[in-house]
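**Student:** sequence first, then the predicted structure, then my questions.
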Amino acid sequence: MKQQIIQDNVETQNVNLDCSLSGYDYELPPGLIAQNPAVPRDSSKLLVVNSPETAKSIPPLHHIFRDLSELLKAGDLLVMNNTKVIPARLYGCKDTGAGVEVLLLEERGHNCWLALVKPGKRFKVGSEIIFTAGGDGNKQELRATVVESDPETGGRLLQFDLPPAVPLVQVLGKFGQIPLPPYITASTAADEQYQTVYAAEQGAIAAPTAGLHFTPELLEKLRNNGINQAFITLHVGVGTFRPVEVEDVTTHAMHEEWIEVTADTVEQIRATQAAGGRIIAVGTTVVRALEGAAQSGDLQPFVGKTNLFIYPGYKWQVVQGLITNFHLPRSSLLMLVSALIGRERLLDLYRQAISFEYRFYSFGDAMLILPEGKSIQL
């Protein structure tokens, strides 16, 4: 009886930690934060989880990412995010000459973008920002006016002065820069190294990083092995990097992100399921898109925004396996992966990855959670 009471107390404590922000902490040596990607892309390390037991009793397998074609099965479906990172960081000035830094977040109207502006307090409605590009002989100018403040983000709505037929993304390459996450401080990576090789739909301000490990050669090998590929679009926004700030994570207000799950992708998923294949999401953005499009209880084509927040206790609808990078402590992404394999188990895996000197975060190594590696209770 006493032993049962102790066991019940342990289980209650674990459930509480699953819903507590402090339960998602871990210590990472700063030297393991990857500043540059692996070259070639598919030479990164891959931690493989293929057992429902804890990492301590049955250790994970250590592979190289290019081994993926041997780790999946013919008939499996990889679902990938084809969003493309835009040059969303711009440097300009006020008409007084004072410098301004702008990070575009999302388009709210035609050439009207929500943006973070530094220093923001100086920019009231009506303020103008001037951006320039090119040398003295070919100088080009782009102007934007603050039309509204956004209390939720602390940002500003900027209306860019462009002809109606010219979308801002068409000219951003001249004026903007690809924004890297704040923890990447000493990178020599080229812009294309922060894009997936299948990036197609412009709109993200951050890359879907689990997809950065794929090369055209690996994608072809996967197809030749009968492992199919489908695509969704989720334009990654700044909310991805914002920490959860409430101790009770169940009260966290998740940011919205725009997604598109096409009828073709839904059909591929249904056909795969009917044939006994497995649905493997490439990245947490794909998880969010697919599960967000299935909140009615059945996966349907969907275009719009989702604010779905996945944490332990979530009932899975579509996704069976996951390829993911290693995420920041206290992040919603860490909670999402915990919902798949359990928080304690995930933290055990992270400790093992640290001991084997895996590289973390956007340019870091990857983890493959196979469907047989999901927690037994899910």
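**Tutor:** Arrived safely, thanks for sending.
**Student:** what is the rounded mean pLDDT of stretch 206-214?
**Tutor:** Per-residue pLDDT values over stretch 206-214 give a mean of 97.
**Student:** what about that stretch, start to end distance?
**Tutor:** Distance between the boundary residues of stretch 206-214 (C-alpha to C-alpha, to the nearest Å) amounts to 17 Å.
**Student:** need the residues that contact that stretch.
**Tutor:** Residues external to stretch 206-214 that are found in contact with it (C-beta atoms under 8 Å, 6 or more residues apart in numbering): 37-38, 41-42, 44, 46, 65, 80-81, 83, 85, 179, 181, 193-199, 234, 236-238, 240-241, 282-286, 323-325, 361-363, 366. Placement of C-beta: from N, CA and C, glycine included.
**Student:** ditto for stretch 49-66
**Tutor:** Outside stretch 49-66, the residues that reach it (C-beta under 8 Å, 6+ apart) are 38, 41-48, 71, 213, 215, 218, 341, 344-345, 348-349, 352, 356, 365-370, 372-376.
**Student:** again, only using 6 Å
**Tutor:** Contact partners of stretch 49-66, identified using C-beta atoms under 6 Å, 6 or more residues apart in numbering, comprise 42, 44, 46-48, 213, 218, 345, 348-349, 352, 366, 369-370, 372-373, 376.
**Student:** can you select the buried ones among these for me in ChimeraX?
**Tutor:** To isolate the buried ones among the contacts of stretch 49-66 in ChimeraX, judged by 16 or more other C-beta atoms under 10 Å, type:
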select :42,44,46,47,48,213,218,345,348,349,352,366,369,370,373
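**Student:** the contacts of stretch 49-66 in strands, which ones?
**Tutor:** In strands, defined here by DSSP state E, the members of the contacts of stretch 49-66 are 46-48, 366, 369.
**Student:** tell me the one of the residues you listed nearest Gly126?
**Tutor:** For the ones in strands among the contacts of stretch 49-66, the residue nearest Gly126 by C-beta to C-beta is Ala366; the value is 47.0 Å.
**Student:** so the closest one sits right up against Leu47, yeah?
**Tutor:** No: counting by C-beta atoms under 6 Å, Leu47 is not a contact partner of Ala366; they are 7.3 Å apart.
**Student:** wait, a helix at Val146?
**Tutor:** No: judged by DSSP: H, G, I helix; E, B strand; the rest coil, Val146 forms no part of a helix; its state is strand.
**Student:** neighbours of it, how many?
**Tutor:** 19 (other C-beta atoms under 10 Å).
**Student:** picking that back up, just the ones in strands among the contacts of stretch 49-66 now: which is nearest Leu142?
**Tutor:** For the ones in strands among the contacts of stretch 49-66, the closest approach to Leu142 (C-beta to C-beta) belongs to Ala366, at 37.7 Å.
**Student:** any idea what that closest one is bridged to?
**Tutor:** Leu46, Asn325 (DSSP bridges).
**Student:** Leu157 sits in which helix or strand?
**Tutor:** Element membership for Leu157 (DSSP states H and E) is strand 155-160.
**Student:** mind listing what's buried along the following helix or strand past that strand?
**Tutor:** Where DSSP H and E defines the elements, the next helix or strand beyond strand 155-160 is helix 168-175. Across helix 168-175, burial judged by 16+ other C-beta under 10 Å covers 168-169, 171-172, 175.
**Student:** give me the sheet partners of whatever helix or strand comes next after helix 168-175 and which way each runs.
**Tutor:** Downstream of helix 168-175, the first helix or strand assigned by DSSP H and E is strand 176-177. Using DSSP bridges, the strands paired with strand 176-177 are strand 89-93 (antiparallel).
**Student:** pull out the buried positions in the very next helix or strand once past the partner strand.
**Tutor:** Using DSSP H and E, the helix or strand that follows strand 89-93 in sequence is strand 99-109. Buried residues in strand 99-109, counted by 16+ other C-beta under 10 Å: 100, 102-108.
**Student:** strand 99-109 - contacts with which helices or strands?
**Tutor:** Applying 3 or more C-beta pairs under 6 Å, 6 or more residues apart in numbering; DSSP states H and E, one finds that strand 99-109 contacts strand 89-93, strand 112-118.
**Student:** distance from the chain centre to stretch 367-374, please.
**Tutor:** 18 Å (C-alpha atoms, centre = their mean, to the nearest Å).
**Student:** what is the mean pLDDT for it?
**Tutor:** For stretch 367-374, the per-residue pLDDT averages 94.
**Student:** just stretch 319-335 next, same as before
**Tutor:** Here the average pLDDT along stretch 319-335 is 96.
**Student:** which residues are in contact with that stretch?
**Tutor:** Outside stretch 319-335, the residues touching it (C-beta under 6 Å, 6+ apart) are 21, 24-26, 209-210, 243-244, 278-282, 284, 287, 290, 311, 337, 360, 364, 366-371.
**Student:** start to end distance for it?
**Tutor:** End-to-end distance for stretch 319-335: 16 Å, by C-alpha to C-alpha.
**Student:** what are the buried residues along that stretch?
**Tutor:** So, applying 16+ other C-beta under 10 Å, buried residues of stretch 319-335: 319-328, 330-335.
**Student:** any of the contacts of stretch 319-335 buried? List them.
**Tutor:** For these, buried by 16+ other C-beta under 10 Å: 21, 24, 209-210, 244, 278-282, 284, 287, 290, 311, 337, 360, 364, 366-371.
**Student:** so which of these are in strands?
**Tutor:** Secondary structure assignment by DSSP E places 279-282, 366-369 of those in strands.
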